[in-house]
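Enquirer: coords below, sequence missing:
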């Protein structure tokens, strides 16, 4: 009887350890998932419709983007404080430089003469803007 | 042992709930977008939900083939060998225009253009080519050489405006020919052709059963069906481009509608520090000054394109009457002080948007 009791107790203890372990793993998974979901947006660079580079929106960087058949054109992509913009360009109209910095999913900065699009994307975010006019 | 099994079951349910929490939509569909730069002198974006990139690209191929066809027919700048287009109609030989046989698409578009002329009390006039050409030249010169940018002389504009009578545009719908009676008159379809083409392509896709797409040709937006179970979320940009704190002034939810905005901030040049945009008032021959922008929500992108231009030039009272008397049309006017005025049904489409970062 006594023996049986201690066996039961051990079983219970093992169960509790297992339960705690499994719940811990599940919670860790959930946390990871949530963190990953909100890992932040990406700044995608597309030239003539093809993606050539992407950068995290959270990083502060300045990168030249070279375009044109003979690499003769340049736009400077600036990502600062969670916003992306074209800070400089040698295009004739400079509309891309005058476009306000973008940060929302679905927003774009377009340089028509250089066939360049900067787009904010986020694979994990639902409910972003589908189009801006 | 039973307890262990139940614990494992509970935990795996927890995992499942976790994994599913992000995807309550049709999981098979993904959102894709492609960009193009070869049509109507602007950027084109196609957004669509498909199972694979291949499926999406196949539809984009069909859309851009049509866009290219419309672009070549409706352009007033480019000639193409063996193709009669708007340039051919505008051509003058031995002091007069030719009678030109054209594709049915041009005939239909010009018939629509005449309808829009009547509907908008002449505010959208494709026969204004002579006036718009002068503005086009001065704007391009001003952009190339900002220091010496100039306004077109008013005498020049007035002289050109004598040759803008739309009744001089003779369309023969039986023989598919077009003839401009006034040798000094030319066509400029910039205010309607893009929207008209987008609408024709969207209708074609709808007839094929395509759904879950957006066509955006230079801000002429036409949605096709819903976005994977939800309505599309559209941001209307703040026409006050200096205001960095407020990039959007309104958010709309739509499914199948078209949204077109005409604004003074879109295509302009500076003369002596003052900006002059591209929407020219047929009455003053100068850029319209009544609003910062006007956005039109309709189920027809061709009508939306024409009306956004017309409303931008008309008084708010007249414009509102025009909107209220036209079926399936709503509008938002942004006044010069930033005040936003709406047609009666516009706000049914608006929603509060929380930006996704």
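Expert: That came in fine, so what should we check first? None of the values given here were measured: they were computed from a predicted structure. Numbering: from 1, shown residues only, chains lettered A, B, ... in the order given.
Enquirer: Helices of chain A, residue ranges please.
Expert: A:2-37, A:95-98 (DSSP state H).
Enquirer: Please apply the same query to chain B.
Expert: Using DSSP H, helices in chain B cover B:2-20, B:53-74, B:86-90, B:104-119, B:129-144, B:154-161, B:193-207, B:301-313, B:316-324.
Enquirer: What is the neighbour count of residue A:78?
Expert: 16 (other CB atoms under 10 Å in any protein chain shown). All C-beta spots, glycine's among them, are computed from the backbone N, C-alpha and C.
Enquirer: er, residue B:266 actually
Expert: 17.
Enquirer: From residue A:48, how far out is residue B:36?
Expert: 9 Å (CB to CB, to the nearest Å).
Enquirer: So between those two, which is more surrounded?
Expert: Ranked by neighbour count (other CB under 10 Å), residue B:36 and residue A:48 place residue B:36 first, with 19 against 14.
Enquirer: centroid residue for the chain?
Expert: I'll assume chain A. residue A:41 (2.7 Å; CA atoms, centre = their mean).
Enquirer: Chain B, not that one
Expert: Chain B, centroid-nearest residue using CA atoms, centre = their mean: residue B:220 at 2.4 Å.
Enquirer: so how far is chain A from it?
Expert: Distance of residue B:220 to chain A, given as CB to the nearest CB, to the nearest Å: 8 Å.
Enquirer: quick one on the thing from earlier: out of the helices of chain A, the one nearest residue B:121 is which?
Expert: Evaluated over these, closeness to residue B:121 peaks at helix A:95-98, with 32.0 Å, by CB to CB.
Enquirer: Buried ones in the closest one, by neighbour count?
Expert: Within helix A:95-98, the residues that count as buried by 16 or more other CB atoms under 10 Å in any protein chain shown are A:95-97.
Enquirer: before we move on, what about stretch A:52-65?
Expert: A:55, A:57, A:65.
Enquirer: Please name the nearest non-neighbouring residue to the second one.
Expert: So the one you mean is residue A:57. Excluding the flanking residues, the one nearest residue A:57 by CB to CB, 6 or more residues apart in numbering or on different chains is residue A:41, at 4.4 Å.
Enquirer: Ok, residue A:62 next?
Expert: residue A:78 is the one closest to residue A:62 (CB to CB, 6+ apart), at 5.0 Å.
Enquirer: With respect to burial, which of the helices of chain B scores highest?
Expert: Of all the helices of chain B, helix B:301-313 has the most neighbours on average by mean count of other CB atoms under 10 Å in any protein chain shown, namely a mean of 28.
Enquirer: Retrieve the pLDDT associated with the residue nearest to the centre of chain A.
Expert: Per-residue confidence at residue A:41 stands at 87 (pLDDT).
Enquirer: And it, how close does it get to residue A:129?
Expert: 12 Å.
Enquirer: next one: residue B:87
Expert: Using CB to CB, residue B:87 is found at 37 Å from residue A:129.
Enquirer: Next, work out how far apart the residue nearest to the centre of chain A and residue A:76 are.
Expert: 20 Å.
Enquirer: picking that back up, put together CSV for the helices of chain A, with mean pLDDT and distance to chain B on each row.
Expert: Output for those, formatted as CSV (pLDDT from 0 to 100; distance: least, CB to the nearest CB, whole Å):
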stretch, mean pLDDT, distance to chain B
helix A:2-37, 73, 4
helix A:95-98, 90, 7
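Enquirer: domains in chain A, as residue ranges please.
Expert: A:1-37, A:42-121 (automatic domain parsing).
Enquirer: Point out the most buried one among those domains.
Expert: Ranked by mean neighbours (mean count of other CB under 10 Å), the domains of chain A are led by domain A:42-121, with a mean of 17.
Enquirer: And for residue B:337, the neighbour number?
Expert: Using other CB under 10 Å: residue B:337 sits among 6 other residues.
Enquirer: Which pLDDT does the model give it?
Expert: At residue B:337, the model reports a pLDDT of 95.
Enquirer: do residue A:74 as well
Expert: 95.
Enquirer: ok, it - contacts?
Expert: A:64-67, A:88-90 (CB atoms under 8 Å, 6 or more residues apart in numbering or on different chains).
Enquirer: again, only this time at 10 Å
Expert: A:64-68, A:88-91, A:114 (CB atoms under 10 Å, 6 or more residues apart in numbering or on different chains).
Enquirer: how does chain B divide up, domain by domain?
Expert: B:30-76+B:211-349, B:93-180.
Enquirer: one step back: let's have the helices of chain A in JSON lines, adding distance to residue B:230.
Expert: As requested, the helices of chain A are arranged in JSON lines below (distance: least, CB to CB, whole Å):
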{"stretch": "helix A:2-37", "distance to residue B:230": "18"}
{"stretch": "helix A:95-98", "distance to residue B:230": "31"}
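Enquirer: do you know which of those helices lies nearest residue B:322?
Expert: helix A:95-98 (30.8 Å).
Enquirer: who does the closest one touch, helix- and strand-wise?
Expert: strand A:73-80, strand A:83-89, strand A:108-111, strand A:116-121 (3 or more CB pairs under 10 Å, 6 or more residues apart in numbering or on different chains; DSSP states H and E).
Enquirer: follow-up on the earlier one: return every residue with contacts to both of residue B:36 and residue A:48.
Expert: residue A:115.
Enquirer: my guess is residue B:30 meets residue B:47, correct?
Expert: No. Assessed by CB atoms under 10 Å, residue B:30 is found out of contact with residue B:47, at 11.4 Å.
Enquirer: Those two: who's more crowded?
Expert: residue B:47 (22 against 16).
Enquirer: Would you mind listing the residues in contact with the closest residue in space to that one that isn't next to it in sequence?
Expert: Excluding the flanking residues, the one nearest residue B:47 by CB to CB, 6+ apart is residue B:214, at 4.2 Å. Going by CB under 10 Å, 6+ apart, residue B:214 touches A:130-131, B:33, B:45-49, B:202, B:221-225, B:227, B:232, B:234, B:254, B:259.
Enquirer: and which of the contacts of residue A:74 is nearest chain B?
Expert: Chain B lies nearest to residue A:114 out of these, by CB to the nearest CB, at 9.0 Å.
Enquirer: and the gap between the closest residue to the closest one other than its chain neighbours and residue B:33?
Expert: Nearest residue to residue A:114, sequence neighbours excluded (CB to CB, 6+ apart): residue A:67, at 4.3 Å. Residue A:67 sits at a distance of 19 Å from residue B:33 (criterion: CB to CB).
Enquirer: what do you get for residue B:171?
Expert: 38 Å.
Enquirer: again, but for residue B:51
Expert: Residue B:51 is 16 Å from residue B:33, where distance means CB to CB.
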